[in-house]
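A.B. asks: Next one to model:
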Amino acid sequence: MNVRRPRISQSRTAQLLAAGAAAALIGGFAVSPAVGDAPPERYPAAEIHKPSPVPDRIILIPTTTPATSQKVTWRAEAPADWAQAEILAAPQALVGGVPAADATVTRVMASNTASVNTSLGYASTYHEVEFTGLEPDTRYTYRVGDGTNWSEWIDFTTAAAEFEPFSFVYYGDAQNNLDTAVPRVFRQAFADRPEAKIVVNAGDLIDNANSEEQWGQWYQADGFINQQIANISIPGNHEYSGGLSTFWRPQFPYPDNGPGNAELKQTVYYLDYQGVRFIGLDTNHQSNATLMAAQTAWLEQVLASNPHKWTVVTFHHPVYSTTGSRNNPNVRDQWGPLFEQYGVDLVLQGHDHSYGRGNVAAARRSAAVHDGVVYVVSVSGGKMYALNGGTNWTGNGAEVVSSAQDAQLYQMIDVEADSIRFEARYANGEHHDGFLIRKNDAGERTVNEIRTPENTTGEQVTVDRTTLPMQGLITISAAGYDPDEKVSVYLRNTKAAEGRNGVYVMELIADELGRIDQRFAIPSTAKPGSTHHVNLVSENQQITSPLITVTK
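C.D. replies: Below you'll find the model as predicted:
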């Protein structure tokens, strides 16, 4: 059926087009302010960050018993006698926004309330609650408030009682551009690892130790993430200004299990989480021999008594600096040997506003494998420094494997029973660096680069001798394989046609750390005066030995 539309006159059409254009200019495009109009005034920080009876700056703080307890702190204008929290096993729904009538809701009164005089002319009051008697590996729902003014209901999950695989996130310095550049890093990390159980901050969370505005910006950058993922932070130099930030202990009541010095309370501590011992140290006392010695003695005891396979240490000033002429010899000389002696897996640091990852040079086993401690420096904020070419590493017996400058990064660490996978990504989610640590129950490990075409070929097989008689014995070693990967061993004459593997010798199976170590006799086909390479061929690698010469 044809429908006749009313005819619009040309003049009427012109009117409609003109009206549409005007609407488009108003609705779809920026309209310049009239000449002489004053720009909007900046909304004052004192108003943006002003506290109210409604809780904010809520953050989960881990305890030494994370399977059965959980601390939470928050800020609110609430009388100490009324500050409280409620908790229950996480329900499937909060019908009408409240727990079911038959739900068991536990009320916990705040154990501590502390007011901090701020730089914006008012006091910020922080409250602390510890939930105890919780069930391991169980999801809970909680809220904080004063009995009338409450936060929203928030969920968290307790740690498992024994080892279970889990992920955590690590950040270097946020410090600057907290309200502009940092939020996208924190939020992209959460998008990539929403199931992470812990966030580790290696110091310099803010730029000015006692700035109310910057602490407010730091919490806003993280949004709701701190409310549901436990936070492990240690202070950097910017958390000190004539002493430790007055905000630190009210916000971060970490375990008081450090060396015992009053200055180190809740800045030096350790806790065990699902088979990983996390250790926090305070490098802001490098010039204080007493406090450094106390930390060193305490560190050795905590490392020596570690019952777990995995150890992660975090502090601010790096063992090996990546930028400028920076150098931390007291940290390196006192703590570095302990990290190596006790097999620490990851040392996570900040301060240098760039990225650097490496290890002690003597731990190198092949182009793609070492078996030492992994030292990492990273940055999450917008302030950047230029790299120094790794001179502080190479000048102190270490090597840089990966580095970057002008890069905002976050690091995702996935812990399994026999491996740790580490990946650093840029703020836009793109990959920068990664490696895999494998460790057996005897404490032996390999640290493997993420495989590339470049590091899975070439001369990476080591031999105990390069000159030997006919049918002489030789020992070969190699690494970088998957556990139980099949490896074919060939002896390839240097005169053999290109592309040939050589004379087949045997098949080997890589061990649980991806290593090959075998002694065998050179095949009788190798004549005096001939030269060869041992050629190892597997699904993931095609690598060779140095030149081998057969004598009479």
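
A.B. asks: make it CA atoms for all contacts and neighbour counts henceforth
C.D. replies: Noted.

A.B. asks: How about residue 310: what's its closest non-neighbour residue?
C.D. replies: If the residues on either side of it in the chain are set aside, residue 310 comes closest to residue 276, at 4.9 Å by C-alpha to C-alpha, 6 or more residues apart in numbering.

A.B. asks: you'd agree that neighbour is up against residue 313?
C.D. replies: No. Using C-alpha atoms under 8 Å, residue 276 is not in contact with residue 313; the gap is 10.3 Å.

A.B. asks: what are the bridge partners for residue 89, then?
C.D. replies: residue 140 (DSSP bridges).

A.B. asks: what's the distance between it and residue 69?
C.D. replies: 13 Å (C-alpha to C-alpha, to the nearest Å).

A.B. asks: Tell me where the stretch 301-450 of the chain has helices.
C.D. replies: Secondary structure of the stretch 301-450 of the chain, counting by DSSP state H, counting those that start in this stretch: helices at 329-341, 391-394.

A.B. asks: Packed most tightly, which of these would that be?
C.D. replies: Neighbour counts (mean count of other C-alpha atoms under 10 Å) averaged over each of these peak at helix 391-394, with a mean of 19.

A.B. asks: Which pLDDT value goes with the residue minimising distance to the centre of the chain?
C.D. replies: In the chain, the centroid-proximal residue (C-alpha atoms, centre = their mean) is residue 170; its distance is 1.9 Å. pLDDT for residue 170: 98.

A.B. asks: Check residue 367 too.
C.D. replies: The predicted local confidence for residue 367 is 89.

A.B. asks: give the contact list for it.
C.D. replies: Neighbouring residues of residue 367 by C-alpha atoms under 8 Å, 6 or more residues apart in numbering: 455, 460.

A.B. asks: What's the separation between it and residue 458?
C.D. replies: Counting by C-alpha to C-alpha, the gap from residue 367 to residue 458 is 9 Å.

A.B. asks: residue ranges of the helices in the stretch 101-250 of the chain, please?
C.D. replies: With DSSP H, counting those that start in this stretch as the criterion, the stretch 101-250 of the chain has helices spanning 182-192, 212-222, 225-228, 248-251.

A.B. asks: thinking again about what came up before, excluding residues flanking it in the chain, which one is nearest the residue nearest to the centre of the chain?
C.D. replies: Using C-alpha to C-alpha, 6+ apart, the nearest residue to residue 170 is residue 200, at 4.6 Å.

A.B. asks: residues contacting the one you found?
C.D. replies: Listed by C-alpha under 8 Å, 6+ apart, the contact set of residue 200 reads 168, 169, 170, 171, 231, 232, 233.

A.B. asks: again with residue 67
C.D. replies: Taking C-alpha under 8 Å, 6+ apart, one finds 134, 135, 136, 137, 158, 159, 160, 161 in contact with residue 67.

A.B. asks: Which one (most neighbours) among those?
C.D. replies: Neighbour counts for the contacts of residue 67 (other C-alpha atoms under 10 Å) peak at residue 159, which has 25 neighbours.

A.B. asks: From residue 493, how far off is the closest residue to it other than its chain neighbours?
C.D. replies: In space, and not counting its chain neighbours, residue 159 is closest to residue 67: 4.2 Å by C-alpha to C-alpha, 6+ apart. Noted for residue 67: a distance of 60 Å to residue 493, by C-alpha to C-alpha.

A.B. asks: In three-state terms, label residue 53 for me.
C.D. replies: Three-state assignment for residue 53 (DSSP: H, G, I helix; E, B strand; the rest coil): coil.

A.B. asks: distance of it from residue 128?
C.D. replies: 15 Å.

A.B. asks: for the closest residue to residue 477 other than its chain neighbours, what are its contacts?
C.D. replies: In this structure, residue 477 finds its nearest non-sequential neighbour in residue 517, 4.4 Å apart by C-alpha to C-alpha, 6+ apart. By C-alpha under 8 Å, 6+ apart, residue 517 lies in contact with 475, 476, 477, 478.

A.B. asks: And residue 138, by the same measure?
C.D. replies: Residue 138 makes contacts with 89, 157, 158, 159, as judged by C-alpha under 8 Å, 6+ apart.

A.B. asks: any idea how far the first one lies from residue 492?
C.D. replies: Relative to residue 492, residue 89 is positioned 65 Å away (criterion: C-alpha to C-alpha).

A.B. asks: just the last one next, same as before
C.D. replies: According to C-alpha to C-alpha, residue 159 and residue 492 sit 53 Å apart.

A.B. asks: low pLDDT regions in the protein?
C.D. replies: 1-31 (pLDDT under 70).

A.B. asks: As a markdown table, the helices of the stretch 101-250 of the chain with mean neighbour count and distance to residue 471 would be great.
C.D. replies: Rendered in a markdown table, the data for the helices of the stretch 101-250 of the chain read as follows (neighbours: other C-alpha atoms under 10 Å; distance: least, C-alpha to C-alpha, whole Å):
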| stretch | mean neighbour count | distance to residue 471 |
| --- | --- | --- |
| helix 182-192 | 20 | 55 |
| helix 212-222 | 21 | 65 |
| helix 225-228 | 21 | 64 |
| helix 248-251 | 19 | 69 |
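
A.B. asks: Which one of those helices lies nearest to residue 58?
C.D. replies: helix 225-228 (5.4 Å; C-alpha to C-alpha).

A.B. asks: thought residue 88 was touching residue 100?
C.D. replies: No. Counting by C-alpha under 8 Å, residue 100 is not a contact partner of residue 88; they are 10.6 Å apart.

A.B. asks: Sort out which one of the contacts of residue 517 lies nearest residue 215 for me.
C.D. replies: When the contacts of residue 517 are compared against residue 215 (criterion: C-alpha to C-alpha), the nearest one is residue 478, at 49.9 Å.

A.B. asks: Which residues are in contact with that closest one?
C.D. replies: Going by C-alpha under 8 Å, 6+ apart, residue 478 touches 366, 460, 461, 462, 515, 516, 517.
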